[in-house]
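A.B. asks: have a look; sequence and predicted model below, questions after that.
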Amino acid sequence: MSEPKTLTVVISDIEIRRHAGGEVRQLRDLRHPELRFRYSTTDRNKGAWHVVVRGKWGKAGNYPGINTKLMHATLPAILARRSVDPDATSTTTSWTTVGDVLAWYADRMTRDRSLSSKRKASAQSALRCHLVPRLQKVALPSLDRASLDRLLMWPMQERYALSFVRSVYGVLRVAFRQAMRLGLIGVNPMADLKYTDFVQTRIKPKPARLRGDDLLTLLHDLTERIERAPLESMLALMMLCHGTRLGETRLARWKNLNLTTRQWFIPAPDTKTKAEHTLPLTPQACALIERYRTIQQAGGYQGTFLFPGRTSGAISTTMASTLFKSMSKGEWSSHDLRKVARTAWADLGVDYMVGEMLLNHAMKDLDATYIHTTAEGMKRKALETWHQHLDCHGFAALHGETYPGQVAAPSLAQTTNDAACSDSTHPSQGRMRNDEVGSNPPAAQRPDPWGQFTQWTDL
């Protein structure tokens with residue numbers, strides 16, 4: 001087979017159009033002999049760019065999507081990459097600015113079904129409010145450590161918390177890494193950059209706004225409000241008792257709480273780690289759940305969710321956060337319930353790995369094996385110890401005081417006496433059975449499950 005007819009010229013868009021009507025098969029650049037342009041066999045107005053290094057060809061892109069000016073601009077980077085590794089990619093795209101990459105990533109992420117709505121919204125906000133306004137006009141070859149520091153990192157650290165700055169930087173890094181992985185850009189300017197290149201200050205965890213000393217007041221407040229505002233009170237109690245996340249808790253379904261086997265199953269899609277989670281239910285937790293179910297049924301609710309929204313689904317994240325803000329008067333958040341539980345578990349001597357599993361933190365393979373073989377019983381023991389501790393701070397009044405045969409719950413003053421608490425009868429004795437539901441007041445005398453929030457619309 002004969003070699004294609006080659007013409008050596010200073011390649012430009014004009015030269016490509018000039019020879020489109022002839023018999024020339026390919027053009028070789030006079031200034032850059034490694035660069036070749038081959039005409040399409042089906043349409044001479046189109047073609048492909050190739051870079052030849054040490055006899056090895058690599059397609060760089062298609063014309064006219066990539067014009068001559070862009071090809072010449074990206075050629076030095078391609079040659080530098082292939083001088084180290086002749087087999088490295090020569091691919092380039094029509095993207096010229098950081099904004100092109102960000103626009104592509106924003107569209108791709110929106111249609112990614114593997115990402116949660118919350119994560120999509122967070123990343124879209126970072127793109128729309130910070131990355132695009134600051135970086136969209138920066139040419140791809142110009143994005144380096146100095147320009148990123150001047151345009152994004154240093155101005156942001158002046159105005160925002162470092163944890164937020166790092167999250168925005170993470171979105172930018174992922175966008176370029178994904179584009180590089182798919183061969184959409186030839187060089188990843190973020191590859192050798194790290195967050196600590198710009199900010200050396202260590203990000204400290206947010207301090208907990210609830211402490212063990214606050215449990216007495218917190219549980220007393222929840223005891224007083226559970227009848228008039230059962231949904232928000234129970235949401236807080238389930239998180240406090242089990243250390244669950246807000247998302248995992250607000251999506252809880254009645255079918256996944258088994259009071260016979262005393263287990264709460266959380267499906268993988270409802271968890272942050274996307275791994276299914278099972279929590280033991282103590283006698284105290286079962287009694288509390290029975291009380292809450294009775295309140296719901298008396299209010300006329302027979303639906304799927306423990307924490308229903310104003311439409312057909314579970315309460316939204318926005319509404320749940322609003323309820324917590326109102327309940328705590330802004331002094332603490334839902335996540336502080338999880339923190340205070342984790343701290344108390346450590347103080348009560350709960351094994352570290354058991355605590356991590358109760359929190360449903362992602363585990364390494366070795367840790368997961370340890371947990372699978374030994375920890376189910378230890379999880380139950382840990383929560384039993386925790387709930388007995390809560391009983392000493394007023395929890396007994398929430399899960400037992402209205403049930404036939406229940407021993408009298410300690411008053412607020414009595415709960416401060418550890419000795420009296422340790423000598424009391426276990427609060428689970430005499431808790432209400434399923435066949436005793438009829439002993440509750442008629443529905444007309446019971447509050448709406450949403451309490452004082454009946455007038456709000458779920459967001």
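C.D. replies: Alright, I've got the coordinates.

A.B. asks: sketch out the strands for the stretch 1-150 of the chain, chain order is fine.
C.D. replies: 6-9, 26-29, 35-39, 47-53, 56-63 (DSSP state E, counting those that start in this stretch).

A.B. asks: what strands flank the third one, and is each parallel or antiparallel?
C.D. replies: I take that to be strand 35-39. Strand 35-39 has the following strand partners under DSSP bridges: strand 26-29 (antiparallel), strand 47-53 (antiparallel).

A.B. asks: what mean pLDDT does it have?
C.D. replies: If you average the pLDDT over strand 35-39, you get 93.

A.B. asks: residues touching that strand, excluding its own?
C.D. replies: Residues outside strand 35-39 that contact it (Cβ atoms under 8 Å, 6 or more residues apart in numbering) are 4, 11, 16, 19-20, 24-29, 46-52, 57, 63, 71-72, 75. Every C-beta, even on glycine, is put in place using the N, C-alpha and C of the backbone.

A.B. asks: what angle separates it from strand 56-63?
C.D. replies: Compare the direction of strand 35-39 with that of strand 56-63 by axes from the mean of the first three to the mean of the last three Cα atoms, to 10 degrees and you get 60 degrees.

A.B. asks: quick one: low-confidence ranges for the stretch 301-450 of the chain?
C.D. replies: Applying pLDDT under 70 to the stretch 301-450 of the chain flags the ranges 363-374, 401-450.

A.B. asks: please repeat the previous calculation with a cut-off of 80.
C.D. replies: 311, 362-375, 400-450 (pLDDT under 80).

A.B. asks: could I get the strands paired with strand 35-39 as a markdown table with mean neighbour count, mean pLDDT and distance to Pro207?
C.D. replies: What follows is these, written out as a markdown table (neighbours: other Cβ atoms under 10 Å; pLDDT from 0 to 100; distance: least, Cβ to Cβ, whole Å):
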| stretch | mean neighbour count | mean pLDDT | distance to Pro207 |
| --- | --- | --- | --- |
| strand 26-29 | 19 | 93 | 62 |
| strand 47-53 | 20 | 90 | 55 |
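
A.B. asks: want to throw those strands into a markdown table with distance to Arg338?
C.D. replies: Shown next, in a markdown table, are the strands paired with strand 35-39 (distance: least, Cβ to Cβ, whole Å):
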| stretch | distance to Arg338 |
| --- | --- |
| strand 26-29 | 62 |
| strand 47-53 | 54 |
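
A.B. asks: how about the contacts made by the closest residue to Gln136 other than its chain neighbours?
C.D. replies: Computed as Cβ to Cβ, 6 or more residues apart in numbering, the closest residue to Gln136 that is not its neighbour in sequence is Gly99, at 3.0 Å. Neighbour list for Gly99: 132, 135-138 [criterion: Cβ under 8 Å, 6+ apart].
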